[in-house]
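Chemist: My questions concern the predicted model and sequence given below.
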Amino acid sequence: MIVDVIDHLAGIAPGLVAAVEAEIEAGHTTGPYGVYPGGGVLAAESDEGLRYRVTGVPELGERLAAAFEHAHLLVFRPREARQDDLDALARAGWSATGIVTLSQLVAFLSFQVRLVTGLRLLNQEGLAA
């Protein structure tokens, strides 16, 4: 399926495939990351980790670059998402509805990944899902 998407993208925007692949590589990490401010009990869970920024803005365009950065933030640093991050999307040309839709899509896909991972773990333990 992903090959079909890449082939389709290559057909409509040939130069974009290499830029997207480069950003996937640049953003590849594990997580979650983030820093709990003010110390306290949760400060022990703080992990600086990768702070992803798009390197290929000219190739991707501002809107797609902003979407990549926002998606990475929501997946890997959700506790650090702030109004400034939403403002960055708006400055890149995203409407309020588009920002909500993008954020919901990222959240839903994150949920699906976690759900499938949990079901696979249950299956490995021999438990019925």
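Modeler: Okay, I see it. Because the structure is a prediction, the values reported are computed rather than measured.

Chemist: next one: whichever strand or helix holds L9 to chain centre, how far?
Modeler: Per DSSP states H and E, L9 falls inside helix 2-12. Centroid displacement of helix 2-12 relative to its chain, using C-alpha atoms, centre = their mean, to the nearest Å, is 20 Å.

Chemist: and it, which residues are buried?
Modeler: Buried residues in helix 2-12, counting neighbours by 16 or more other C-beta atoms under 10 Å, are absent. For every residue, glycine as well, the C-beta is placed using N, CA and C.

Chemist: What's the first helix or strand after that helix?
Modeler: Remark: after helix 2-12, the chain's next helix or strand is helix 14-27, criterion DSSP H and E.

Chemist: what does that next one rub up against?
Modeler: 6, 9-10, 50, 52, 54-56, 59-60, 68, 72 (C-beta atoms under 8 Å, 6 or more residues apart in numbering).

Chemist: switch to 10 Å and redo it
Modeler: For helix 14-27, contacts defined as C-beta atoms under 10 Å, 6 or more residues apart in numbering pick out 6-7, 9-11, 13, 50, 52-61, 64-65, 68-69, 71-72, 75-76.

Chemist: all helices of this protein, in order?
Modeler: With DSSP state H as the criterion, the chain has helices at 2-12, 14-27, 57-60, 62-76, 83-91, 96-124.

Chemist: how close does L89 sit to V75?
Modeler: L89 sits 15 Å away from V75, going by C-beta to C-beta, to the nearest Å.

Chemist: list the contacts for the spatially closest residue to G34 that is not a sequence neighbour?
Modeler: Nearest residue to G34, sequence neighbours excluded (C-beta to C-beta, 6 or more residues apart in numbering): R79, at 4.5 Å. R79 sits next to 32-37, 42, 45-46 when contact means C-beta under 10 Å, 6+ apart.

Chemist: Return the most buried member of the helices of the chain.
Modeler: helix 62-76 (a mean of 19; mean count of other C-beta atoms under 10 Å).

Chemist: so what does that one touch, helix or strand wise?
Modeler: Applying 3 or more C-beta pairs under 10 Å, 6 or more residues apart in numbering; DSSP states H and E, we find helix 62-76 packed against helix 14-27, helix 57-60, helix 83-91, helix 96-124.

Chemist: If anything else comes up later, I'll come back, but that's it for now.
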